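Participant: With the sequence up front, the predicted model follows.
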Amino acid sequence: MLVFIDESGDPGMKAKMGSSEYFVISAVVFEDTDDANACDARIDDLRAECFHGAGEFHFNSCSRRIREQFLRETGKYEYLYFTFAFNKARLYGEGFQYKHSFYKYAVNLLFENLKPYLKSATVVFDRCGNREFQQELKKYLSKRVRGTGKAEPLVRKIKTNESQRNNLLQLADMVCGSGARSLKADREDRGAYRKIISHREISFRIWPR
């Protein structure tokens with residue numbers, strides 16, 4: 001089992017200038033390695049089709065045409081995804097004023113909900129992503145979801161990779177970006193992308209409501 005993690009937005013509170021309205025975190029899960037490898041190969045083909053060679057699929061820098069083509073094609077492969085979106089305007093409690101506490105809560109909530117689906121998983125996240133987020137993710141996985149005794153661990157391995165070198169991290173970016181865009185009421189394309197991958201969505205939660 002392979003799990004790819006990405007986040008969108010920032011943990012700064014809404015009142016602070018430049019802060020995003022939501023902090024969004026997504027996990028893309030492949031139960032079967034063969035499905036993951038097939039999807040990986042298709043993304044290589046898509047890169048040649050969309051960029052005529054080298055290029056990274058990053059939601060915020062891709063056109064609508066490329067986003068839709070990418071999501072349609074990768075959506076043919078057997079993955080599932082989970083997304084949590086934190087509505088910062090409705091968060092209360094002193095802990096949310098601090099990035100460390102915010103990240104810890106976000107990681108805990110995501111993986112508590114992922115637990116029923118995890119089995120000897122390799123978890124991969126972007127080496128170039130937010131370092132505080134990476135630290136919280138590693139800490140959580142090391143202490144709470146590895147399993148104990150003779151039981152098969154929920155998570156067997158934790159890895160980091162550079163997204164530009166990992167097609168499936170780019171998939172996680174596109175999935176997470178699709179969820180984040182769906183929350184922006186002023187965007188014409190807000191509902192377009194999640195609709196394309198709706199058959200891959202296991203959970204999309206906004207917290208708190």
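Facilitator: Now that the structure is in, tell me what you want to look at. Numbers count the residues shown, from 1 in each chain.
Participant: C-alpha only now, for contacts and for neighbours.
Facilitator: OK.
Participant: Quick check: which element contains the residue lying closest to residue 95 once chain neighbours are set aside?
Facilitator: Nearest residue to residue 95, sequence neighbours excluded (C-alpha to C-alpha, 6 or more residues apart in numbering): residue 101, at 5.6 Å. Secondary structure assigned from DSSP states H and E places residue 101 in helix 99-114.
Participant: Return the distance of that helix from the chain's centre.
Facilitator: Distance of helix 99-114 from its chain centroid, counting by C-alpha atoms, centre = their mean, to the nearest Å, is 13 Å.
Participant: rewinding a little: thought residue 107 was touching the residue nearest to residue 95, still the case?
Facilitator: No: assessed by C-alpha atoms under 8 Å, residue 101 is found out of contact with residue 107, at 10.1 Å.
Participant: Looking at the two now, which is surrounded by more residues?
Facilitator: residue 107 (20 against 14; other C-alpha atoms under 10 Å).
Participant: Give me the neighbour count for residue 119.
Facilitator: So residue 119, with other C-alpha under 10 Å, has 17 neighbours.
Participant: That one and residue 29, how far apart?
Facilitator: 11 Å (C-alpha to C-alpha, to the nearest Å).
Participant: what is in contact with the two at once?
Facilitator: Counting by C-alpha atoms under 8 Å, 6 or more residues apart in numbering, the shared contacts of residue 119 and residue 29 are residue 1.
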